[in-house]
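[1] Requesting a structural model of the entry that follows:
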Amino acid sequence: MAYYRNKEALLHYYWYTAVLLLCSYVLINLLIMNRTLVSKISAALQSAADALQPPTVLYDDFVWHWKSLTRYYVDSKDNRKLADQTNIPAHLEQMLQILTQEMEELEDQEIKPDGPDNVDHVDGKVDNDLSVSKPQHLGPCINYLLTHKILETLHTLARTDCPPGMKSAVLVFYTKFISKLPFVWHSNVYRPLQNMVRLCGEVRAGPSESEEIALLFVLAGKLNQHPEYINHFITKVNPVGESTETPSCRLVSAVLQLSRSPDSRIAVKACEVLMVVCTIQSAELAAFIGEHSGLTRLFCDRLVALYRALPTDLLVDTIECTDARWGLDITDVGPSIHGHRQLISFLSWLDYLDQLIKASQGVIGKSLVFGIRESFIQPIVAPLLKQISESGALLATVFVKQCLLHISSSILVAEFVGFILGLPLSDAVGSPEVRQLVIQRCDHMSDELSIAALKMFQVLFQKHCECVSYNLILFYLKDRSYIHREAVEELSESDESGTDSDRSDQLTSTELNVKMARHKRRSASLLRLQNPNEELEAPPLADVINAFITILPDNIKSSGSHGYEDYLKDSIKTCRSSLIQCVRYDWPGFLLPLRSCANLPFDEGPFLNGLFNKLERLLDQSYSVNLQLLQLLSQLAHLPHPHLHEYLLNPFIRLPPGARSLYSILVRLSNDLLTRCQRIPDHRTALALVRSRLETPPGNAALPVVDSRFIFLFEGAVLLEEFCKELAAIVYVKENSATGNVNLVSPTRRI
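    Numbers count the residues shown, from 1 in each chain. Predicted coordinates for the structure are as follows:
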């Protein structure tokens, strides 16, 4: 008491006591206001206590955490407290860490540990035939979990969602449990897992959708690795009013429910999960998804709904510039582009269906393709393409072209191609209404519609579908009826007698060089496609190249010293791509002998007829139309079919009376151009100005204006000159690839 008699010391005592009481009051009020802080402080104190206490056996620690979790439901009186404000998530996380640590120790030791409840069989039954790669024996913690049916208890707590948020906490535990630990196919594991899957997707736009889709994603991945266990999630049900049993898979049903979520992120994730599920190698699962799950109708109805959401006044330019891929975020393009966002949604979903068809098993893919045909192609696309109005036909052609660009699965491409071209075919070409319309539009009076149709056929030829080239071109060239048989026989007789017979009007002056060089150079056929028994001898490569590059006289050329070498790099790339695309086609390796071909009147077919008619008007058409036309013809010239190559790229074949080839049309265009240029004063200067304007990027210094009366003529002259050089480059690349000087593909096959 002597110390407290000191007034100064007593004053300090009262001061410290008052400060301590004030701090205690503030802390108590803060704790009352923030219950989450209470749980965090409690967890921190518990962690500190655990760190200070001596290490315990994993089994004892696991049991303690589980009992602490269940004790909450006995002691707690406040049902309004959220699960995150309790120690439940922390206990579940600790239990998971203990199980993981125990499994790692067992894998390292590979011995049977000693501990309480260390039994190899729970309830006398373990699915030994369902075990996957795992330690030889289960540890005491996992045995405790199985024996006391902890997973089933957690499912019950998740179903009641008490306290609020418990469902999300249990879903997180299940997800980590099956992802971090070897999948134990025990009845006390997969049965509660089945029940947890049933809880997924029950509540639309529920608060636990993220955790639900995460669980389904991990489960789908595990089943994809071990498809033999998918039977645990497929059950037999008896629909009301039916006597036969039908399969049911709650996993698929839950994913389909979540794919309808208003949250786009959840919906996209659900579609990813569904793609994984569709790749599981299980015939029973594939049959259920394709025939009983309702997936086809749901997804096809969504495709139709997205199409009907497109504005009716959608612009052609908007369709042309739109490229969408499923799963990518849609950037905000602003309100100026009308209908752009709706079009992206439609094309993105079409791209997803295409990927799903490509990745899934045959039953699922065929079901989806059938649904797309019945709900979209026939009732929607067919009337679009059959429109009579020019604006409607243009919009429909561009739209179908964009759809073709966004699909790549073989069966879906075949469905679109079959619809457009009237397939399948036997040995005759049908002429359905759609096929006739789209081919006729290649030579339409409207430049915009003609360009759109040419672009659509260019996309069709880019697809890996052999029937496109056969239906449009190769069917008409299979008998080589483009060769004048009588003229060939006369030429053979004149060669044998050593005299030259009179040439018909269809022979050009360049053909005279062929006979002079015959004994000088006997090259293999172009592309090494010549049959050894062929009656006709292949022309030398140099003669063929010269035939193309000399079509235009020098006085109407404007490129100067630039030759066909400028096109070699692009031609090699295109030839390689065409060969890879056509390598699996059943095309002949050489020209069929004329004696084995039927001697029928030559018919170039409606497609080539339309292209050649368009080509003959090259000097009187707009630059954009001519450019698209020549791009398509160049694409055809790159195809490695022997008959097509001979017809398009051999300038020395004898044509039947009235027939025409690509080379003969180019020669006539050259003669027409020469005649018309002679009537125009200073035409070479005008040609040079037009070429400079075409080669000058937009926005640069303006060039002198050329007379508008001759603009089409000079633009066509420039394109004609460049196209002849491109054809010469194609011939050069094909021939040198056959001789090995240009390597297009692996040595397994050459052009």
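
[2] Tell me which stretches of the stretch 151-300 of the chain form helices.
    Ranges of helices within the stretch 151-300 of the chain are 166-180, 187-199, 209-225, 250-258, 264-278, 283-291, 295-308, based on DSSP state H, counting those that start in this stretch.

[3] Can you check what angle separates the last one from helix 283-291?
    In other words, helix 295-308. Relative orientation of helix 295-308 and helix 283-291, computed by axes from the mean of the first three to the mean of the last three Cα atoms, to 10 degrees: 40 degrees.

[4] secondary structure class for Leu69?
    What DSSP: H, G, I helix; E, B strand; the rest coil gives for Leu69 is helix.

[5] contacting residues around the closest residue to it other than its chain neighbours?
    Ranked by Cβ to Cβ, 6 or more residues apart in numbering and with sequence neighbours excluded, the top spatial neighbour of Leu69 is His91, at 4.4 Å. C-beta coordinates here come from the backbone N, C-alpha and C atoms, glycine included. Applying Cβ atoms under 8 Å, 6 or more residues apart in numbering, we find His91 in contact with His65, Trp66, Ser68, Leu69.

[6] Try it again at 6 Å.
    With contact set as Cβ atoms under 6 Å, 6 or more residues apart in numbering, His91 has these partners: His65, Ser68, Leu69.

[7] Repeat that for Pro227.
    Contacts for Pro227 (Cβ under 6 Å, 6+ apart) come out as Ile280, Gln281, Ser282.

[8] Same question for Leu720.
    Going by Cβ under 6 Å, 6+ apart, Leu720 touches Leu669.

[9] tell me which element it is part of?
    helix 711-739 (DSSP states H and E).

[10] Helix or strand for the residue nearest to Leu69, just tell me which one.
    Assigned by DSSP H and E, His91 falls in helix 88-109.

[11] now that helix against helix 166-180, angle please.
    Using the same axes, to 10 degrees, the direction of helix 88-109 lies 10 degrees away from that of helix 166-180.

[12] Buried by neighbour count: which residues of the next helix or strand after helix 88-109 qualify?
    Later in the chain than helix 88-109, the nearest helix or strand by DSSP H and E is helix 140-147. Within helix 140-147, the residues scored as buried using 16 or more other Cβ atoms under 10 Å are Pro140, Cys141, Ile142, Asn143, Tyr144, Leu145, Leu146.

[13] Check stretch 187-202 too.
    Residues of stretch 187-202 classed as buried: Ser187, Asn188, Val189, Tyr190, Pro192, Leu193, Asn195, Met196, Val197, Leu199, Cys200, Gly201 (neighbour count, 16+ other Cβ under 10 Å).

[14] Among the contacts of His91, which one has the most neighbours?
    Counting neighbours by other Cβ atoms under 10 Å, Leu69 leads those with 22 neighbours.

[15] and Glu616, how many residues sit next to it?
    As a burial measure, Glu616 scores 15 neighbours (other Cβ under 10 Å).

[16] show me what contacts it?
    Glu616 makes contact with Ile665, according to Cβ under 6 Å, 6+ apart.

[17] measure it to Arg660 for me?
    According to Cβ to Cβ, to the nearest Å, Glu616 stands 9 Å off from Arg660.

[18] Thr312 now?
    Applying Cβ to Cβ, the value for Thr312 to Arg660 is 43 Å.

[19] hang on, the earlier thing: please tabulate the helices of the stretch 151-300 of the chain in JSON lines, including the columns distance to Leu632.
    Formatted as JSON lines, the helices of the stretch 151-300 of the chain follow (distance: least, Cβ to Cβ, whole Å):
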{"stretch": "helix 166-180", "distance to Leu632": "52"}
{"stretch": "helix 187-199", "distance to Leu632": "52"}
{"stretch": "helix 209-225", "distance to Leu632": "43"}
{"stretch": "helix 250-258", "distance to Leu632": "43"}
{"stretch": "helix 264-278", "distance to Leu632": "35"}
{"stretch": "helix 283-291", "distance to Leu632": "38"}
{"stretch": "helix 295-308", "distance to Leu632": "28"}
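
[20] could I get the ones you listed as TSV with mean pLDDT and distance to Ser670?
    TSV is the format used below for the helices of the stretch 151-300 of the chain (pLDDT from 0 to 100; distance: least, Cβ to Cβ, whole Å):
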stretch	mean pLDDT	distance to Ser670
helix 166-180	92	71
helix 187-199	88	73
helix 209-225	93	62
helix 250-258	93	63
helix 264-278	93	55
helix 283-291	90	58
helix 295-308	95	48
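
[21] looking at these, which is closest to Arg595?
    helix 283-291 (50.7 Å; Cβ to Cβ).

[22] what's the closest one packed up against?
    When contacts are defined as 3 or more Cβ pairs under 6 Å, 6 or more residues apart in numbering; DSSP states H and E, helix 283-291 sits against helix 362-372.

[23] Contacts only, for Ile230.
    Residues in contact with Ile230 (Cβ under 6 Å, 6+ apart) are Leu223, Ile280, Ser282, Leu285.

[24] The second one: what's it in contact with?
    So that's Ile280. Counted by Cβ under 6 Å, 6+ apart, Ile280 has contacts Leu223, Asn224, Pro227, Ile230.

[25] closest to Ser571 among the residues you listed?
    Sorting these by how near they are to Ser571, with Cβ to Cβ, puts Asn224 at the top with 43.6 Å.

[26] quick one: that closest one from Leu251, how far?
    Going from Asn224 to Leu251 by Cβ to Cβ gives 12 Å.

[27] neighbour count winner among these two?
    Leu251 (25 against 16).

[28] and the residue nearest to Ile483 when sequence neighbours are not counted, how many residues sit next to it?
    Counting by Cβ to Cβ, 6+ apart, Ile483 lies nearest to Ile653, which is 5.7 Å off, once chain neighbours are set aside. A count of nearby residues for Ile653, using other Cβ under 10 Å, gives 22.

[29] and Ile653, what helix or strand is that in?
    Using DSSP H and E, Ile653 falls within no helix or strand.
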